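# Sequence plus predicted model, see below.
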Amino acid sequence: MQPGSSAGAMNLIEPTSPEDIRRRAEALGPWFHNIELRGVWTAPNHFLGNYPAVKWRAFADEIPKDLTGKTVLDIGCNGGFYSLEMKKRGADRVLGIDFDEDYLAQARFAADVTGLDIEFRKLSVYDVGALQERFDVVLFMGVLYHLRHPLLALDLIHDHVAKDMLVFQSMQRGSPEVDEVAENYTFWETAHFERPGYPKLHFIEHRYADDPTNWWAPNAACAEAMLRSSGFEIVGHPESEVYICRRTEAPHGTSAVYPSRGACP
Ligand SMILES: C[S@@+](CC[C@H](N)C(=O)[O-])C[C@H]1O[C@@H](n2cnc3c(N)ncnc32)[C@H](O)[C@@H]1O
């Protein structure tokens, strides 16, 4: 059994010195999540400040304070910051998934040090169908723009794992304006494509911010349109990049093109 991976037992690391925690955290670094582990911060020099605590503060009130009886899936959990916060709110079950073993090791360490019973599993968002389980709360934060196939990911989340609430965040670039989108336009209407508030997904062919995994940067209108198009009704928008959504019927009645049955891996 891997530390931090069991659904039952907690793996509280025996009290050790801050120096020991610091040494072990550093060995697992670099960290993207700045988490306080018994007085030791994992990413004290984060380029975004005290991240993601600064982001979390802006939408924490939109998520039930008491998650007793609820299940949570944290997709792209990274060092586990949001998984820890969900468990602190009493969620019955928290599953964090990420396709990066280094980040999962950080998350397991953070859960162990804090004594929180969270399962972390290596899984890509494209394979969520393999979970065969729906979750009351799904976090899909900071992952969309790292994907070559972002709509496929949203469709798969809708088809296979979202039961009720989706908490979504994406980097956004371009205009923050959001225009109403008409049901249809004639072939000869083109002006709306030029408007800043029309949904636009900017493709990053090479690199952005030195990160080769940044593939897309939606503007605000596009982030909202993609959510709606995948069957997520936006019920809260507490922060410019964060949306609180409820799962609804997909407007096109379609499901993800691949894998259609959640058979892999
Ligand atoms: C910018 S970080 C966001 C971390 C965290 N969710 C947050 O909001 O702070 C993106 C995370 O998504 C993970 N990721 C990227 N592509 C993924 C995929 N296809 N499946 C699962 N995780 C993925 C990365 O490994 C990384 O941990």
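Sure thing, it's come through.

# hey, let's count contacts and neighbours off CA atoms from now on
OK.

# So what's the residue count around residue 92?
By other Cα atoms under 10 Å, 16 other residues sit near residue 92.

# interface residues of the protein facing the ligand?
Contact residues (Cα under 6 Å from any ligand atom) of the chain with the ligand: 52, 76-78, 98-100, 123-125, 141-143, 146-147.

# Tell me which helix or strand comes right after the helix or strand encompassing residue 111.
In the assignment (DSSP states H and E), residue 111 maps to helix 101-114. Toward the C-terminus, helix 101-114 is succeeded by strand 119-122 as the next helix or strand (DSSP H and E).

# how far is that following strand from where the chain is centred?
14 Å (Cα atoms, centre = their mean, to the nearest Å).

# export that strand as CSV, just CAs?
The C-alpha coordinates for strand 119-122 follow below in CSV (Å, rounded to 0.1, in the frame of the first residue of the first chain):
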residue,chain,number,x,y,z
GLU,A,119,-6.4,8.7,-2.1
PHE,A,120,-4.1,9.8,-4.9
ARG,A,121,-3.9,7.9,-8.1
LYS,A,122,-2.0,8.2,-11.4
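
# Pull the residues that contact the following helix or strand past that strand.
Using DSSP H and E, the helix or strand that follows strand 119-122 towards the C-terminus is strand 135-141. With contacts defined as Cα atoms under 8 Å, 6 or more residues apart in numbering, strand 135-141 is touched by 70-76, 161-170.

# again with stretch 39-55
18, 21-22, 25-26, 29-36, 81.

# before we move on, what about stretch 82-97?
The list of residues contacting stretch 82-97 from outside it, by Cα under 8 Å, 6+ apart, reads 7, 65-77, 80, 104, 111, 116-125.

# Repeat that for stretch 180-193.
Contacts of stretch 180-193 from elsewhere in the structure, counted by Cα under 8 Å, 6+ apart, are residue 198.

# CA atoms only for it, dumped as CSV, please.
C-alpha atoms of stretch 180-193 as CSV (Å, rounded to 0.1, in the frame of the first residue of the first chain):
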residue,chain,number,x,y,z
GLU,A,180,-24.3,37.0,-26.0
VAL,A,181,-23.9,34.4,-28.7
ALA,A,182,-26.8,34.0,-31.1
GLU,A,183,-28.3,30.7,-31.9
ASN,A,184,-27.2,31.0,-35.5
TYR,A,185,-25.6,33.4,-38.0
THR,A,186,-26.0,33.5,-41.7
PHE,A,187,-23.0,32.6,-43.9
TRP,A,188,-22.6,36.2,-44.8
GLU,A,189,-22.4,37.5,-41.2
THR,A,190,-18.8,37.7,-40.1
ALA,A,191,-18.5,40.8,-37.9
HIS,A,192,-19.2,38.9,-34.7
PHE,A,193,-16.0,36.9,-35.1
